[in-house]
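Chemist: What would the 3D arrangement of this be:
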Amino acid sequence: MDKSAKSKFQMKLRIGINVSLVLSLTFLLNYGLSGPVLAQSSTKSLSAPSPGTAGELPVSLQNLAGTGNSQAQFEIATRYTHGYGVPQNYKLAAMWFLRAAEQGHVESSRLLGDLHATGYGVTQDYNEAALRYEFAAINGNMFAQHSLALLHEKGLIPQAEGKKAFRYYKLAAQQGYADSQTNLGVLYQEGKIVPQDYKKAHQWYLRAATQNDSRAQNNLGTLYAKALGVQQDYSQAAKWYKLAANNGLANAMTNLGVLYENGFGVRLDEEEAKKWYRKAGNLSDLKSNSGQKSSPSDSLSSIESEANSGNPSAQYKLGQLYIEGRSVPQDFVIAYKWINLAAFRNWADSRELRDQLTKKMTPDQVNEAQALSIKSLNIVEP
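Modeler: This next block holds a predicted model:
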């Protein structure tokens, strides 16, 4: 490749990778605050129960929670959080998490903090979230440490301090939490809060990347592509971008496309580049899921009648119609209500579709939809 061509490529690489990196960091720093962030570890003691009658919880669990047992209260909250055996309802989850948290249940305090940070089931309140996170963080909960660091780094609470953000990220990172390891890498790469140090950024990214963290993999690729703290190595850049792209990160797909378009670290292949560019552009589309499309020939009145009688297949179909705006006005709140009821009855793919739909909705819309689900089942809130 001649000098002018290489210069042109470097310009494109800078633009492509820098823009992608900025987008990646924006997502990364918003991680945990843009949607319901419910713990990876919160359901370890639970297996999804078979649905019983509407709103039914095991009597023994209810009785135990009623005596003030914090673990039982946590179990009930978790069921409402994920819709196990009951319709998903963050308001009721928050109520039970609060009861357990007030007795010193660490994970309940952390999860209550998540709800306050996002506004699901409760009024959004970063100060209240920080209070709940801090209790859990002091007690060694790495998820809470990470979330508290985010609040400090983003300046979302009046007492925000950069040094505290770094300290809590490091505490969680040292426990092996990949998100915190990646965020530490970002702080070192950008020279935020701590002096810029690409080698330390590389070290933290590598630790997270080996845990399959796609953002860390993408950012490692950028270090190699731009020779930041490491020797420039486009093959390594391609390796890490591809891992991140295969993990679904759109920014990494764009970066990988840049490499294929220019033949750096990979063979020159414009068709492969176009493939990755296309993939990057299509990830955010909400799909109505796995071949269970509602048929135009289905009678709307019959679907509504079946849905109202409790048929989960009809509830799922009706939810799809409201998502797509076919035969009815598009309405994500009503769609969520019906998909949530289908999920309550364990209808195939309904949980996945509900989770996809949640990402398209505001917390207030989700809260309204969950209230409609509860109302339709005639469940009286305790």
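Chemist: Can you spell out which helices and strands pack onto the helix or strand containing Y241?
Modeler: Element membership for Y241 (DSSP states H and E) is helix 234-246. Under the contact criterion of 3 or more C-beta pairs under 8 Å, 6 or more residues apart in numbering; DSSP states H and E, helix 234-246 touches helix 214-226, helix 250-262. All C-beta spots, glycine's among them, are computed from the backbone N, C-alpha and C.
Chemist: what about 10 Å?
Modeler: Judged by 3 or more C-beta pairs under 10 Å, 6 or more residues apart in numbering; DSSP states H and E, helix 234-246 is in contact with helix 3-30, helix 198-209, helix 214-226, helix 250-262, helix 270-282.
Chemist: Against K279, how distant is the nearest residue to L256 once chain neighbours are set aside?
Modeler: With C-beta to C-beta, 6 or more residues apart in numbering as the criterion, L256 has its nearest non-adjacent residue at 4.3 Å, and that residue is Y241. According to C-beta to C-beta, to the nearest Å, Y241 stands 12 Å off from K279.
Chemist: where in the stretch 151-300 of the chain is pLDDT low?
Modeler: The stretch 151-300 of the chain contains residues with pLDDT under 70 at 282-298.
Chemist: For the residue nearest to L256, which residues are in contact?
Modeler: 17, 20, 217-218, 220-222, 224-225, 234, 249, 251-260, 265-266, 276 (C-beta atoms under 10 Å, 6 or more residues apart in numbering).
Chemist: Then Q315?
Modeler: Contacts for Q315 (C-beta under 10 Å, 6+ apart) come out as 303-304, 306-309, 337-345, 347, 350, 376.
Chemist: Over to R351?
Modeler: 48, 82-84, 88, 339-340, 342-344.
Chemist: For it, give me the pLDDT.
Modeler: Listed pLDDT for R351 reads 92.
Chemist: Also D2?
Modeler: At D2, pLDDT is 52.
Chemist: shift numbering so it begins at 856
Modeler: With 856 as the first residue, the last one maps to D857.
Chemist: so what's L1083 up against?
Modeler: The neighbours of L1083, taking C-beta under 10 Å, 6+ apart as the test, are 1044, 1051, 1053-1054, 1056-1057, 1074, 1077.
Chemist: does it sit in a helix, a strand or a coil?
Modeler: coil (DSSP: H, G, I helix; E, B strand; the rest coil).
Chemist: same deal with T978?
Modeler: T978 ends up coil, using three-state DSSP.
Chemist: Ignoring the adjacent residues along the chain, who's closest to it?
Modeler: Leaving aside its sequence neighbours, T978 sits nearest to H971 (C-beta to C-beta, 6+ apart; 7.7 Å).
Chemist: got it, and N1074?
Modeler: Nearest in space to N1074, with sequence neighbours left out and distances taken as C-beta to C-beta, 6+ apart, is Y1060 at 5.2 Å.
Chemist: I'd assumed Q1044 was in contact with the one you found.
Modeler: Yes. Using C-beta atoms under 10 Å, Y1060 makes contact with Q1044 at a distance of 8.2 Å.
Chemist: Please say which of these two ends up with more neighbours.
Modeler: Y1060 (29 against 23; other C-beta atoms under 10 Å).
Chemist: mind listing what the more buried one touches?
Modeler: With contacts defined as C-beta under 10 Å, 6+ apart, Y1060 is in contact with 1036-1037, 1039-1041, 1043-1044, 1068, 1070-1078, 1084, 1095.
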